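Novice: what's the 3D shape of this:
(2 chains)
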Amino acid sequence: MNRLKELLRRLLYLGRRENLDVVLDQEAEFHIESRADELQHAGLARDKAMAQARREFGSQSRMREESRVAWQIRWLEDLTSDLRYAFRALRRSPGFALAAIFSLALGIGANTTIFSLTMEFLFSVPSARQPERLASIQLAGNSHSPMPMYRFVRDTHTFDGLAGSFEEHQVNWRNGEETSQLGVYWVTDNYFEVVGVPVVIGRPMQPGDRNVAVLNYNFWQSRLAGDPYAVGRTMILDGEPHTVIGVLPRDHRTLLGFGFAPALYVPVHDDKAFVAFVARLPEGMNRQAAFTRLKVIGQELDRNFPNRDFHWTDDIRVDAVAGLERLKSLNMIPFTAFFGVLMVVVGLVLLIACANVASLLLARASSRRQELGIRLAIGAGRGRLVRQLLAESLLLAVLGTLSGLLLNFWLTSLLSRVQLPLPLPFQLHIAPDWRLLAYSAAVAMASALFCGLFPALKATRADLNTALKRQELQSSRRLWNMRNALVAGQLAISTLLLAAGLLFLENLSRSTSMNPGFDVDHTLWASMRLVPAKYTTPEKTQALVNTALDSLRALPGIEAASIAHVVPLNDQQTNFTELQIDGGRQVQVHYKSNNVGPDYFRVMSIPILDGRQFSATDRAGSPEVAIINENFARLLFGNASPAGHRIQYPQGESVSIVGVARNSKYFTLGEENALAMYTPYAQGPGTERLNFMIRAAEFPPGLVKVINRTLGELDQSAAIETKPMRDALVLALLPSRTGAAILGSIGVLGLVLASIGLYGVLAYTISRRIREIGLRVALGASPRNVLWMVFRDSFLLVAVGITIGLGIAMVATQPLAMFLVPGLSPTDPLTFLAVIALLAAVALAATIGPALRALRVDPMVALRYE
Amino acid sequence: MPTFNSPELLPGTLYLLVLRTLARGPLHGYAIARRIKEHSAETLQIEDGSLYPALNRMLVKGWLAAEWGISENNRKARFYRLTPIGRKQLETEAKEFDKLIQAIQLVMKTV
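Specialist: Model (predicted):
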């Protein structure tokens, strides 16, 4: 503490260094005059008194010097002078400085951008008051519990408030003539109070509020055009008027995190709702203590609300709402690992960039040998020189980091604006913060050391005799000097990056052209969300479904129309259960299920290989039937026909199998051998969301509008959205696209950096060998010989680099298999061939410049060079 | 360390002397030097110039604070005063010094 204050006082002094000199002079003057006064008083003449006083005082300049030293911070002043020297040195060779800063800027820009993205995505802090005192609570291992349980726990007043939320609620917003669907954060009325969510306009939600809405900033801006009078405005949500009471700040981050950003917060008043609990822990209560209290509350719950499937005391969890602990509790570790992989990849890019700078510095060190030799000879300490050279790489690293941060700001603002085609509202707010600052500072220091330490050590090791000679006459003919090793290493790393990038590009092209097992070119998907309050019975919904299907089929150009509970590749419904076959053997299965209407297989062009389709007679109340896919049929019945067999669920109900459908993709393009079972839509549970699947031979312009209007006329309060199935594939293609975009661009970045490195080293080698080349030409070497000389060096470097890189890639790309479509191997030979071809082409391009330079060497000039 | 006239000061004692001198109230540099000389019955004489680097070192350490004022002979002078840290430092240094002197006396008597 005292040390710190001392440093602070010293730093303050730096600002008023001149001031101290004046102070000291005045003090000395005062001292001497006071002494002279005294002596004069004792009888001495004024001039003699002054002379004696000065003598007694001693050397004024020493007093000044020693006093100044008392205030100095030695290392800081050395550093500033080193940096000033480095700055002058860099300004003398702007080409070198620019190349180095550019390399570092790219490497650090990519690195910090992925860092910012990772931090925002995984570790963003929710917009809440003292989030560290919030805890998310689960009872009986359920993420959400019913409202009565919520009220019971809240009313025990164990916490400084308990709030509940359902994150994925949706409502229909009737806006003028249009009805659209909005994502809603459904929260208990005390949510804003308990969590401490700030608003920017209006007021937060308060206990007792009903039918109010707090708007997301982006929603306010984009859908309400930033209406300054938005607060107080009425919105019709699911048929009921809601009053807008406030707007959230632009950088609002929900408690759920991960960029999840619904359009509205609306109070939940549905007693059938399930909510996730979030508690504000009282001062002094840690999560362990909260757990103990909840155990007791759980016993109370078990007495008051006994449940036959579980006890409320089972698996009670109290978890943090932010940070690594939360990721662990949400089981997000694999997801975290993905970002870890990204960080490693951009780390490699930075490594390439640093290698570029290191090899540039090495080249520079050789040409500064003489200077350094002289300084060593006249007694400069090696440590001092190393420090000075390091200051130069520090300066480069700092400048590179600053430019890299500019790149970061640009890229992250792009990322913040990106609209992902996700079914959930999603918005990232990446802004520079102290974490980015600290990380960049660390990256700058690390790259300064990495780039500079070795070249600095090497440069100062110069043995005096050779260094002092005017030139290094013989350039080192050892091929595997440090510089070449660096370039080979760079090429190896960029081979690896490129292999990964190309692999993902290949993956993207394969997934785009992949046949998902159903027709995406002649099908449309019309989604219709009903206001639940208007359809209280399954019969009402079914009646609407039938009318809708009839009106759709009557439209010109429509060949067939059907309905499905799950739209393939956009949503899924999975079952994990034990089935009994024909009352006999039992099989444990994990399968995808869907409820589909008659004609579904015709609309989607999924052939029925055995048995029959569903028909209008498969309705509620008629015998329950099912169609299974080939995989399922093979698993249960081998080669025998499954039609007519019965399967029974553990609860007792049974269905008879009436047909077998061809395998297709259900949720991801990457899935393989998935089991699937279809049951009639009319025999399934009715929901507020209707997915009409429509077959049309061609899509005349306006077809989407016609469909929207047709469905809209049936119920104006319903939210309708129609799109061709081809467009609905974006979600399924998102992982491939993201992977290809990120790894592809990183691969290109690595390639660019490595080719700069290769170019630099070749150009430098040529410049060192000008005399040798001149001599050879003078002795009769043909241009071909000269070219061969240059290309041989380049070829050796590239060959070694690629070989090492491919060797690493063979192993390192293996774990990527889980991101690839089936049939594409991480060691895809075609990809590797492409990598080799691409690298060779780039290497060739990088060699042409230096080679031409070698050809232009004039023997007369070269020989006179000495 | 600054150099002193005879008798030689033990290392670090100049700090102690300055702290002790300032314990009774703020003084300017010249007054500090004179006090030390007077109170030691002219035995301890500091080369005047070497007082100031010591004062600056003590400012850096935070033992002293300095401000401008008007001296008794009506001149602008820089006055030094003890800070709370300086006061604490004086206590510890004084104790250390006593211990040292006792130890030396012990040696002188027994040997």
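Novice: what's around A:Gly774, how many residues?
Specialist: By the criterion of other Cβ atoms under 10 Å in any protein chain shown, A:Gly774 has 20 neighbours. C-beta here means a position set from N, CA and C on the backbone, and glycine is covered the same way.
Novice: again, but for A:Gln138
Specialist: If you count neighbours by other Cβ under 10 Å, A:Gln138 ends up with 18.
Novice: Assign it to helix, strand or coil.
Specialist: Of the three states, A:Gln138 takes strand according to DSSP: H, G, I helix; E, B strand; the rest coil.
Novice: Surely it and A:Asp315 touch.
Specialist: Yes. Judged on Cβ atoms under 8 Å, A:Gln138 makes contact with A:Asp315 at a distance of 7.3 Å.
Novice: Run through the chain and note the low-pLDDT ranges.
Specialist: With no chain named, the answer covers chain A. Applying pLDDT under 70 to chain A flags residues A:1, A:14-18, A:334, A:421, A:423, A:462-480, A:818, A:862-863, A:865-866.
Novice: that's the wrong chain, I wanted chain B
Specialist: B:1-12, B:41-46, B:111.
Novice: Find the helix or strand that the residue nearest to the spatial centre of it is a member of.
Specialist: In chain B, the C-alpha closest to the average C-alpha coordinate belongs to B:Val18, at a distance of 1.7 Å (Cα atoms, centre = their mean). Taking DSSP states H and E as the definition, one finds B:Val18 inside helix B:13-22.
Novice: now swap in A:Asn673 and tell me
Specialist: A:Asn673 belongs to no helix or strand when assigned by DSSP H and E.
Novice: Checking the residue nearest to it when sequence neighbours are not counted next. Helix, strand or coil?
Specialist: Among residues not flanking A:Asn673 along the chain, A:Asn631 sits closest, at 5.5 Å (Cβ to Cβ, 6 or more residues apart in numbering or on different chains). Here A:Asn631 is recorded as helix under three-state DSSP.
Novice: For A:Asn631, list the residues it contacts.
Specialist: By Cβ atoms under 8 Å, 6 or more residues apart in numbering or on different chains, A:Asn631 lies in contact with A:Asn663, A:Asn673, A:Ala674, A:Leu675, A:Ala676.
Novice: Write the PyMOL selection for whichever of these are buried.
Specialist: To isolate the buried ones among those in PyMOL, judged by 16 or more other Cβ atoms under 10 Å in any protein chain shown, type:
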select buried, chain A and resi 663+674+675+676
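Novice: show me where chain B has helices.
Specialist: Ranges of helices in chain B, per DSSP state H, are B:13-22, B:29-39, B:51-61, B:84-110.
Novice: between those, which one is nearest to chain A?
Specialist: When these are compared by Cβ to the nearest Cβ, helix B:51-61 sits nearest chain A, at 3.6 Å.
Novice: and the closest one, how far out from the chain's middle?
Specialist: Taking the mean of its C-alpha atoms, helix B:51-61 sits 10 Å from the chain's own mean (Cα atoms, centre = their mean, to the nearest Å).
Novice: Next: stretch A:203-214.
Specialist: The chain centroid and the centroid of stretch A:203-214 are separated by 34 Å under Cα atoms, centre = their mean.
Novice: Please list the residues outside it that contact it.
Specialist: Under Cβ under 8 Å, 6+ apart, the answer for stretch A:203-214 is A:187, A:189-193, A:197-199, A:202, A:235, A:237, A:240-248, A:264-267, A:269.
Novice: Tell me which helix or strand the residue nearest to A:Leu407 when sequence neighbours are not counted sits in.
Specialist: Nearest non-adjacent residue to A:Leu407, counting by Cβ to Cβ, 6+ apart: A:Gly109, 3.0 Å away. Using DSSP H and E, A:Gly109 maps to helix A:94-123.
Novice: Tell me which residues of that helix come out buried.
Specialist: In helix A:94-123, counting by 16+ other Cβ under 10 Å, buried: A:96-97, A:99-123.
Novice: That one - contacts with which helices or strands?
Specialist: Contacts defined by 3 or more Cβ pairs under 8 Å, 6 or more residues apart in numbering or on different chains; DSSP states H and E place helix A:94-123 against helix A:74-92, helix A:323-329, helix A:333-367, helix A:382-417, helix A:434-459, helix A:730-768.
Novice: tell me the angle that helix makes with helix A:382-417.
Specialist: Interaxial angle, helix A:94-123 versus helix A:382-417 (axes from the mean of the first three to the mean of the last three Cα atoms, to 10 degrees): 50 degrees.
Novice: hmm, back to that, the helix holding B:Val18 near chain A anywhere?
Specialist: No. On the criterion Cβ under 8 Å from any Cβ of the partner chain, helix B:13-22 is out of touch with chain A, staying 12.4 Å away.
Novice: hang on, A:Asn594 in a strand?
Specialist: Yes. Assessed by three-state DSSP, A:Asn594 belongs to a strand.
Novice: need the contact list for it.
Specialist: Taking Cβ under 8 Å, 6+ apart, one finds A:Ala564, A:His565, A:Val566, A:Pro568, A:Gln573, A:Tyr666, A:Ala676, A:Met677, A:Tyr678, A:Thr679 in contact with A:Asn594.
Novice: Now it: closest residue in space that isn't a chain neighbour?
Specialist: Using Cβ to Cβ, 6+ apart, the nearest residue to A:Asn594 is A:Val566, at 4.4 Å.
Novice: re the thing from before, out of the contacts of A:Asn631, what pair is the most spread apart?
Specialist: With Cβ to Cβ as the measure, no two of the contacts of A:Asn631 lie farther apart than A:Asn673 and A:Ala676, at 10.6 Å.
Novice: Who is the spatially closest residue to B:Gly25 that is not a sequence neighbour paired with across the strands?
Specialist: Take B:Gly25 and drop its neighbours on the chain: the residue closest to it by Cβ to Cβ, 6+ apart is B:Arg81, 7.3 Å away. Judged by DSSP bridges, the bridge partners of B:Arg81 are B:Ala65.
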